[in-house]
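Asks: Sharing a sequence plus its predicted fold:
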Amino acid sequence: MSPEVRALGLDEVLEILPQRIGDERGFFSETWSAVRFGELGLALTFVQDNHSYSAAKGVLRGLHYQLPPFMQNKLVRVVKGAVFDVAVDIRRGSPTFAKWVGVEISARKWNQLLIPKGFAHGFVTLEADTEVIYKVTSPYSPAHDRSIRFDDPDIAIAWPVPSTELQLSDKDRTAPLLRQAEVFGVAEGRVRR
Ligand SMILES: Cc1cn([C@H]2C[C@H](O)[C@@H](COP(=O)(O)OP(=O)(O)O[C@H]3O[C@@H](C)C(=O)[C@@H](O)[C@H]3O)O2)c(=O)[nH]c1=O
């Protein structure tokens with residue numbers, strides 16, 4: 001039951017499609033397997049699972065990352081509803097610094113997004129009552145937790161929900177721009193070494 005892996009054109013940001021085995025009861029799916037992902041070169045050690053619920057369409061969370069030594073690889077999926085999920089390269093010195101990639105992740109598509117260390121992550125809900133689950137490779141550390149403005153013109157993400165319909169936390173609405181943010185060098189953020 002190896003998952004299918006698709007490169008999205010931005011370094012190691014990957015869309016992952018786990019198989020679903022259906023029968024008359026419903027389906028079964030391996031959503032994470034150390035062995036199967038390891039065979040694909042993705043030897044990740046997850047230490048925390050997160051589950052967030054967003055009540056409305058247009059809830060935007062991000063762009064978030066943690067500084068070294070608490071950088072996180074994130075494996076994101078949606079068990080109810082849908083999001084537009086975004087990864088931004090924030091590794092100083094990277095040829096794709098400030099470039100972003102976005103993909104719809106949904107319970108219907110049953111796809112996942114792997115956000116590597118060195119990338120900021122954010123999403124906007126495309127449906128009400130959306131539940132996102134993601135695994136991370138470093139524990140939450142409030143002292144290392146950082147945000148970058150979702151509408152930073154140097155990144156210019158094409159969010160698919162009009163700005164008038166967005167709902168953000170105060171922390172995210174007042175986050176610094178990428179050019180003012182604390183970032184790190186390209187060598188620190190790699191999934192495959
Ligand atoms: C992220 C996180 C938050 N919290 C707490 C802090 C706060 O009281 C409450 C809500 O936190 P936040 O506002 O940061 O939640 P949220 O805006 O959902 O933050 C998340 O956004 C997405 C895009 C990510 O990529 C995640 O890594 C994480 O940063 O939960 C934890 O206890 N553990 C955690 O791992």
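Replies: Noted; the coordinates are in hand.

Asks: For whichever helix in the chain runs longest, list every residue counted as buried.
Replies: Across the chain, the helix with the greatest residue count (assigned by DSSP state H) is helix 34-39. Residues of helix 34-39 classed as buried: Phe37 (neighbour count, 16 or more other C-beta atoms under 10 Å). C-beta here means a position set from N, CA and C on the backbone, and glycine is covered the same way.

Asks: What helices and strands are in contact with the helix or strand following it?
Replies: Remark: after helix 34-39, the chain's next helix or strand is strand 48-54, criterion DSSP states H and E. If contacts are counted by 3 or more C-beta pairs under 8 Å, 6 or more residues apart in numbering; DSSP states H and E, strand 48-54 sits against strand 130-136.

Asks: Recalculate using a threshold of 10 Å.
Replies: The elements that strand 48-54 packs onto, with contact taken as 3 or more C-beta pairs under 10 Å, 6 or more residues apart in numbering; DSSP states H and E, are strand 60-66, strand 74-80, strand 119-125, strand 130-136.

Asks: circling back: could I get the average pLDDT for the longest helix of the chain?
Replies: Averaging pLDDT along helix 34-39 gives 94.

Asks: Residues in contact with that helix: which ones?
Replies: Helix 34-39 has contacts (C-beta atoms under 10 Å, 6 or more residues apart in numbering) with 1-3, 5, 16, 18-19, 30, 33, 42-46, 75, 114.

Asks: didn't Phe97 look like it was pressed against Val183?
Replies: Yes. Between Phe97 and Val183 there is a contact under C-beta atoms under 10 Å: 8.6 Å.

Asks: which residue packs closest to Tyr140, ignoring adjacent ones?
Replies: In this structure, Tyr140 finds its nearest non-sequential neighbour in Gln48, 6.6 Å apart by C-beta to C-beta, 6 or more residues apart in numbering.

Asks: cool, and Gly62?
Replies: Using C-beta to C-beta, 6+ apart and skipping residues adjacent in sequence, the residue nearest Gly62 is Gly122, 1.8 Å away.

Asks: What is the burial count for Asp89?
Replies: Counted with other C-beta atoms under 10 Å, the neighbours of Asp89 add up to 25.

Asks: Could I get the phi/psi values of it?
Replies: Main-chain torsions, Asp89, degrees, to the nearest 10: phi -70, psi 110.

Asks: Per-residue pLDDT of the residue lying closest to it once chain neighbours are set aside, please?
Replies: Ranked by C-beta to C-beta, 6+ apart and with sequence neighbours excluded, the top spatial neighbour of Asp89 is Thr96, at 4.6 Å. According to the prediction, Thr96 has pLDDT 96.

Asks: The ligand contacts on the protein?
Replies: Within the chain, the positions adjacent to the ligand are Asn50, Ser52, Arg61, Gly62, His64, Lys74, His121, Gly122, Phe123, Tyr140, Ser169 by C-beta under 6 Å from any ligand atom.
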